[in-house]
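Undergrad: here is my input, please return the structure:
(4 chains)
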Number of protein chains: 4
Amino acid sequence: MKQLKTLTLFLIVLLGLHNASNSQTATRENLRIPDILGYKTLKCDFHMHSVFSDGSVWPTVRIDEAWLNGLDAIAITDHIEYTPHEEDIRQNFNRPYEIALPRAEALGIILIRACEITRSMPPGHLNAMFLSDVELLNREEWEDAVKAASEQGAFIFWNHPGWQKQQEDGVAKLSPIHIELINSDRLHGIEVVNSNEYYPEAFEFGLEYNLTLFSNSDVHAPIGMTYDMAGGERRPMTLVFARTRTVPAIRKALFNQRTVTYWNNNLYGEEKYLRPIFNKSVTIKNPLVELTKKSRKYIQIFNDSDINYELKLNGHVEEITVPHDITLYARKTVLFQIRGKSEDLRGRKRIRIPYTIQNLHISPDELLPIEIELNVIFKEIES
Amino acid sequence: MKQLKTLTLFLIVLLGLHNASNSQTATRENLRIPDILGYKTLKCDFHMHSVFSDGSVWPTVRIDEAWLNGLDAIAITDHIEYTPHEEDIRQNFNRPYEIALPRAEALGIILIRACEITRSMPPGHLNAMFLSDVELLNREEWEDAVKAASEQGAFIFWNHPGWQKQQEDGVAKLSPIHIELINSDRLHGIEVVNSNEYYPEAFEFGLEYNLTLFSNSDVHAPIGMTYDMAGGERRPMTLVFARTRTVPAIRKALFNQRTVTYWNNNLYGEEKYLRPIFNKSVTIKNPLVELTKKSRKYIQIFNDSDINYELKLNGHVEEITVPHDITLYARKTVLFQIRGKSEDLRGRKRIRIPYTIQNLHISPDELLPIEIELNVIFKEIES
Amino acid sequence: MKQLKTLTLFLIVLLGLHNASNSQTATRENLRIPDILGYKTLKCDFHMHSVFSDGSVWPTVRIDEAWLNGLDAIAITDHIEYTPHEEDIRQNFNRPYEIALPRAEALGIILIRACEITRSMPPGHLNAMFLSDVELLNREEWEDAVKAASEQGAFIFWNHPGWQKQQEDGVAKLSPIHIELINSDRLHGIEVVNSNEYYPEAFEFGLEYNLTLFSNSDVHAPIGMTYDMAGGERRPMTLVFARTRTVPAIRKALFNQRTVTYWNNNLYGEEKYLRPIFNKSVTIKNPLVELTKKSRKYIQIFNDSDINYELKLNGHVEEITVPHDITLYARKTVLFQIRGKSEDLRGRKRIRIPYTIQNLHISPDELLPIEIELNVIFKEIES
Amino acid sequence: MKQLKTLTLFLIVLLGLHNASNSQTATRENLRIPDILGYKTLKCDFHMHSVFSDGSVWPTVRIDEAWLNGLDAIAITDHIEYTPHEEDIRQNFNRPYEIALPRAEALGIILIRACEITRSMPPGHLNAMFLSDVELLNREEWEDAVKAASEQGAFIFWNHPGWQKQQEDGVAKLSPIHIELINSDRLHGIEVVNSNEYYPEAFEFGLEYNLTLFSNSDVHAPIGMTYDMAGGERRPMTLVFARTRTVPAIRKALFNQRTVTYWNNNLYGEEKYLRPIFNKSVTIKNPLVELTKKSRKYIQIFNDSDINYELKLNGHVEEITVPHDITLYARKTVLFQIRGKSEDLRGRKRIRIPYTIQNLHISPDELLPIEIELNVIFKEIES
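TA: Residues are numbered from 1 along each chain as shown, chains lettered A, B, ... in the order given. Sure thing, here's the model as predicted:
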């Protein structure tokens, strides 16, 4: 006798009908980050596991989580060389993709066939994406596994390069083997963020060697057990700037380094991407103000994105006092207070107030500089 | 010795600097309801009190609350005839406006000079707006108070017409006096919602007599003590469709019945306003789908507004099964599941699925009917 | 090459060290329901699935979820006769228990070896608990499976007796076969609640036939995907009143019908259990009050449990007005307003105010009646 | 014509009947901090303002807020010398107390008659409590105001001693005048915390000069506008250890320095109070564990209070590895992981693990040291 309770129950869950009075389980979170430069800003996670290696969920769960979390594309990257459940699960490295694909198509999630080549250092752990047959990567020597991936046209990136199990001091270091892989076009990207770790050196190597930057969850447990999403926490994501929402467009974007890493309300990436993201997120509601003597005025600034921008003053302003620190909260308007410094000022002035954004990183030790531009008319008090 | 601690503290609060680690107190909530028909959709509350009558806050608090709650315009409407704090507060009916105005200007809130004429029935309680001198309404006879308001060009509306203190059965009833006031152009609007009460009869009178419809908080205590805003509750609001965000444009909109009442996730108003609000809020992400045999597909529907739309099936669909009930949650995407009813269907069909929206009311007993339109291609299974 | 990243990561998660700044993921929710009658009130869920049948998580996930959700004991009850993952997972009905047990011991969760006998009606689906070898239940005929369970001393209960796939009208009905099973001591309990469904008829049968009452999640997906725990929703639980927190004590409690079902803020069970739960939860802070004339006084009532008790007046009170409806919110104090009805009352009176609790069910159509007892001293106004 | 809408509305609010479906506005938060040493731990706030000086709420609002926030006792301390609303409000320094008292009695809040003597430095701002007639403190010279307070048996404390308007560097400094006031028994306490500021020097002076320590909100706006209570933020409180919940017992406790200051999840006070608060909050669920070889075990620690205790390792443990940092979250159980360091250990050992609690301060630069005590039985692996 067969029964279909699971399927029924699960659709109930996804349709939001379960305990309809208060459950919002099956709604998709829309992470608001603007499209830029004519590209779509796709939210992606290219590193995660299922029961087919050392994860604890069935592959379809990764699709459901992706849909709920507002992702556009994922890769399930089970280990080739580490399969602790093999007493119970028949080993077949193409199965996670095959099992998850129908659900991905049903929910409109882009699924990329991939795996994790899991070796000691060097080269450590490498994710290979856009594969056609994962089984071919199950080889004794890592060089053969990489070769099998490359022959399938794979995009390959280095995982958690500062992971303490493989770098005792937690500092990512490029070995000659990594450089050789890069030079021979067999290594194309690097994780700047993995799970709950950020590797500043990886960010530096990425910029220096023109590697694509990644931020991935590497999630093994159910995602909701790892991130306190209800408390506002979000999983790490790789933002991919792609012409269309398709596998080929993502592939092209990755080979062209069109990514930014998103983690814990921080963005790490090239200035050419970070600046338009900020500019398209933020609106100054009343950039033209009048100030009489040393009076106080409020500028209202609206942030239409889901990133809290944390601004810190980065220079001197002659004519007016301005906030030293101010956070532009996600989807909110905040007040930015100014005040004339002198009673003698007259006339209209364009004032550019320099800030750096503490959570937008254009290199491991540089923050994105921006300017808040106001038009201030200094007036005498009317009598 | 004078000190300025209050002012300093309060600005700290508004600037979000207080206990910066976790406080988001001073952020403005942006209630997302689309602009329609070439008008701006202004969020307004035209009924509230201060310590100058029987409220418990200083008039400036109403401005701060309005800013935090995302309002565009308010009126402080203290009672003329009921001033229980007069042992301690000097009576002057223009003071609430005068005290609150500088704060309103600083925060960009539109403040309308107004008051509440507070009489037994009929005519009950009337709010008079756009006054130039409230003191002139302090008259023994209510007819004289209304006359003084009319002479100032006031817009006048009837408050809580079904209030049990004045209508024992809680049912709003138009008396000959109200009809006379309407006919003589001295009564222009009616509260359909006051605080936590909805008056269906008032909605009916409003539509029948061409009165402007209002939904107001009538708040007396601090707003956060009356509504559980943190729990997602919102104060009642009158949505005003105005050409610009100015007093004259609001005045014109009110005299032209361009309002919708918003309360507790419900809208009450004319179909010509409710339909474009819904249409501009909701996007069907994948309206074109293929169905093979009796397979199941998900349509993804995104609601970009802050209203949860509660849809209920309102008719029959021939070709496919569709959800009987579905809520389009605010700012979320939900899944709308369809399935072919017969294995014999072939070809492309435009299917219109009829729903009513349970929380969008176009009269006391009519819900807004809408259609979800899909293009379905019925195919044979590929072999 | 083997690596231990999973284990490390997961411990990080459980230890709350992951992203320590804001994550509270690895804290155990302590559902506060008082111990009664000398028993411990254990929170249990005896129906759930893993990848070994049609669930989507590895068995250890059920232990982690149980710990996080504040459960004391669980049973993983994979289907014997329905194993849709068998292409990938080697079938062995003892494995879910064996795999989960070390984690259960580490986290102090009581794990009971069990399974679900999954047949068409009658007898439908039966859970068998306290097994020693699940494999022995894998028999062609359901009678043989039940016999194999009974021979191991199993406690057996009937699952989702009103499930629409097996009872078209959704109404639980006892067949002669069920009655025969009960009479022959092969059926000991019944699910009154399964997942998001409540079966009033099952409640009635349970009381009539002296069956143990259950409320179970029957969860297939990760628990956080099924219940909006962050939004305050809780999974269904069977409250077991056991002498100690051990397997034998739970077994004894189940065979002695010492359970209450908990679901969606409702309790369903015998009055002898519900009454002490309410009484031990609720404290009247000021039961002695003075009333002068028709003055108003507030009684403060504190509810130290995690159940919101919803009281509705159930009779008449002579001397004072009292609330018609009042909810005693979980872990909060609320105000209960009283007022003298007459100005002529004098002296001290014990007043018992009769309520029923709308969410405490002592039979399908009886609510628990309780009394709020006050001592009121009626006085003249002092002059 | 008089109407009673306000009163009615407000009671509706307090009774939780307003919009009963989702509002929990009128529930009292019960801040869980244990009673210690035979005293009740009363939660108090002895510094706040109303419209009678520079606050923005009517005095009764302070009572409602106190009830909602779980306070036991408050003092409304309007400025004598700073009354910016005097154009509109008749000055009478006893009125805030008189107006608020009936509400305090109705809600069971202890209200203490008090005021703020508001002078330039020295002596700065002083709160005088337990007054019988506040008007008598309205004197030209501050010495006369203090004298008038002392003659009424007042308890007097120094407010915000490091306030930048009065101490340019923000550092509290005792002047000869303060020392003279202390020595002549005219100054008995000091604010260690005011609003969003903590003054470490004040904490030091307090300990050195045997002054009673205070943590007060000094709130001017509605409390919910100043603290993000919904986001879990709490107002500052002075914890008073009193024999009974009465004015005389509070007075005696204050004159005997029986207080601890609570702010932003920190406690500042004497070790003799902080230690029992921690000890009565925290339970080790399984203090006796067995360890075989280098195995890993979890200790479960439950914190029954509303304070998150942040522990940091403060020394060396020979036999086992222990967490370096661990937060014992409010009302939750967390896992504390241990592991044997050597395979050669045998037998039962009492192990004391030394921590300091980062948010429990027994002086400006000393944290409360505590020990987690375990009984570990080191065993050979059974073969």
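Undergrad: not counting sequence-adjacent ones, nearest residue to A:Glu65?
TA: A:Ile223 (4.4 Å; C-beta to C-beta, 6 or more residues apart in numbering or on different chains). Any C-beta I mention is one placed from the backbone N, CA and C, and that applies to glycine too.
Undergrad: and A:Ser281, backbone torsions?
TA: A:Ser281 adopts backbone torsions of phi -90, psi -30, taken as degrees, to the nearest 10.
Undergrad: hmm, it is touching A:Asn308, no?
TA: No. Contact criterion C-beta atoms under 8 Å: A:Ser281 and A:Asn308 do not qualify, at 10.5 Å.
Undergrad: these two: which is more packed in?
TA: A:Ser281 (20 against 15; other C-beta atoms under 10 Å in any protein chain shown).
Undergrad: identify the residue spatially nearest to that one, adjacent ones excluded.
TA: Nearest residue to A:Ser281, sequence neighbours excluded (C-beta to C-beta, 6+ apart): A:Ser305, at 3.7 Å.
Undergrad: I'd assumed that neighbour was in a helix, is it?
TA: No. Read with DSSP: H, G, I helix; E, B strand; the rest coil, A:Ser305 is coil and lies in no helix.
Undergrad: residues contacting it?
TA: By C-beta atoms under 8 Å, 6 or more residues apart in numbering or on different chains, the contact list for A:Ser305 reads A:32-34, A:277, A:280-282, A:330-331.
Undergrad: list buried residues within these.
TA: Buried by 16 or more other C-beta atoms under 10 Å in any protein chain shown: A:32-33, A:277, A:280-282, A:330-331, out of the contacts of A:Ser305.
Undergrad: can I get these in a markdown table with pLDDT and secondary structure?
TA: Shown next, in a markdown table, are these (pLDDT from 0 to 100; DSSP: H, G, I helix; E, B strand; the rest coil):
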| residue | pLDDT | secondary structure |
| --- | --- | --- |
| A:Arg32 | 96 | coil |
| A:Ile33 | 98 | coil |
| A:Ile277 | 98 | helix |
| A:Lys280 | 98 | helix |
| A:Ser281 | 98 | helix |
| A:Val282 | 98 | strand |
| A:Ala330 | 95 | coil |
| A:Arg331 | 95 | coil |
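Undergrad: just give me the closest of those residues to A:Ile250.
TA: A:Ile33 (16.1 Å; C-beta to C-beta).
Undergrad: show me what the longest helix seen in chain A is packed up against.
TA: Longest helix in chain A by number of residues (criterion: DSSP state H): helix A:95-107. Helix A:95-107 is packed against helix A:59-68, strand A:73-76, strand A:110-118, strand B:296-303, with contacts defined by 3 or more C-beta pairs under 8 Å, 6 or more residues apart in numbering or on different chains; DSSP states H and E.
Undergrad: any chance of those in JSON lines, plus mean pLDDT?
TA: Shown next, in JSON lines, are the helices and strands packed on helix A:95-107 (pLDDT from 0 to 100):
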{"stretch": "helix A:59-68", "mean pLDDT": "97"}
{"stretch": "strand A:73-76", "mean pLDDT": "98"}
{"stretch": "strand A:110-118", "mean pLDDT": "98"}
{"stretch": "strand B:296-303", "mean pLDDT": "95"}
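Undergrad: in the stretch 201-350 of chain A, which spans are helices?
TA: A:223-226, A:247-255, A:271-281 (DSSP state H, counting those that start in this stretch).
Undergrad: pLDDT (mean, whole number) over the first one?
TA: The reference is to helix A:223-226. For helix A:223-226, mean pLDDT is 91.
Undergrad: could you chop chain A up by domain?
TA: Here the domain parsing of chain A from automatic domain parsing is A:27-269, A:282-379.
Undergrad: check the offset of the shortest one from the chain's centre.
TA: This points to domain A:282-379. 27 Å (C-alpha atoms, centre = their mean, to the nearest Å).
Undergrad: now do it: distance from first to last residue.
TA: Using C-alpha to C-alpha, to the nearest Å, the end-to-end distance of domain A:282-379 comes to 28 Å.
Undergrad: same question, stretch A:283-301
TA: 6 Å.
Undergrad: which residues touch that stretch?
TA: A:282, A:302, A:304, A:320, A:328, A:333-343, A:345, A:372-382, B:11, B:14, B:28, B:106-108.
Undergrad: let's see it at 6 Å
TA: By C-beta atoms under 6 Å, 6 or more residues apart in numbering or on different chains, the surrounding residues in contact with stretch A:283-301 are A:302, A:328, A:333-340, A:343, A:374-379, A:381, B:106.
Undergrad: quick revisit: so which of the contacts of A:Ser305 is the closest to chain B?
TA: A:Arg331 (6.6 Å; C-beta to the nearest C-beta).
Undergrad: who's in contact with the closest one?
TA: Applying C-beta under 6 Å, 6+ apart, no residues contact A:Arg331.
Undergrad: could you measure from it over to B:Thr283?
TA: Separation of A:Arg331 from B:Thr283 (C-beta to C-beta, to the nearest Å): 18 Å.
Undergrad: tell me where the longest strand sits in chain A.
TA: Longest strand of chain A, by residue count under DSSP state E: strand A:347-363.
Undergrad: and the following helix or strand past that strand, which strands flank it?
TA: Per DSSP states H and E, the first helix or strand lying C-terminal to strand A:347-363 is strand A:366-379. Strand pairing for strand A:366-379, using DSSP bridges, gives strand A:288-292 (parallel), strand A:347-363 (antiparallel).
Undergrad: now do the last one against helix A:271-281, angle only.
TA: Looking back up the chat, that one is strand A:347-363. Orientation check (axes from the mean of the first three to the mean of the last three C-alpha atoms, to 10 degrees): strand A:347-363 against helix A:271-281 gives 130 degrees.
Undergrad: quick one: contacts of strand A:347-363?
TA: Outside strand A:347-363, the residues touching it (C-beta under 6 Å, 6+ apart) are A:265-268, A:271, A:274, A:309-315, A:317, A:322, A:367-377.
Undergrad: pretty sure A:Glu170 contacts A:Gly162?
TA: Careful, residue A:170 is Gly; it's not Glu. Yes. Between A:Gly170 and A:Gly162 there is a contact at 5.2 Å, judged by C-beta atoms under 6 Å.
Undergrad: which of those two has more neighbours?
TA: A:Gly162 (20 against 12).
Undergrad: pretty sure that one is in a helix, no?
TA: No. Counting by three-state DSSP, A:Gly162 is not found in a helix; it is coil.
Undergrad: return the distance of it relative to chain B.
TA: Note on A:Gly162: its distance to chain B, by C-beta to the nearest C-beta, to the nearest Å, is 28 Å.
Undergrad: before we move on, back to that, what is the neighbour count of the residue nearest to A:Glu65?
TA: For A:Ile223, the neighbour count with other C-beta under 10 Å is 24.
Undergrad: what's the answer for A:Pro122, then?
TA: Neighbours of A:Pro122 (other C-beta under 10 Å): 17.
Undergrad: what do you get for the one 10 residues further on?
TA: Counted with other C-beta under 10 Å, residues neighbouring A:Ser132 total 11.
Undergrad: what of A:Glu135?
TA: Counted with other C-beta under 10 Å, A:Glu135 comes out at 14.
Undergrad: residue contacts, it?
TA: A:Glu135 makes contact with A:93-94, according to C-beta under 6 Å, 6+ apart.
Undergrad: of the domains of chain A, flag the one that's most buried.
TA: Using mean count of other C-beta atoms under 10 Å in any protein chain shown, the stretch among the domains of chain A with the largest mean neighbour count is domain A:27-269, at a mean of 21.
Undergrad: measure that one end to end?
TA: The first-to-last residue distance of domain A:27-269 comes to 30 Å (C-alpha to C-alpha).
Undergrad: who's in contact with the closest residue to A:Ile326 other than its chain neighbours?
TA: Distances taken as C-beta to C-beta, 6+ apart put A:Leu311 closest to A:Ile326, at 5.1 Å, once the chain neighbours are dropped. Residues in contact with A:Leu311 (C-beta under 6 Å, 6+ apart) are A:326, A:355, A:357.
Undergrad: for A:Leu137, give its distance to chain D.
TA: Relative to chain D, and taking C-beta to the nearest C-beta, A:Leu137 is found at 33 Å.
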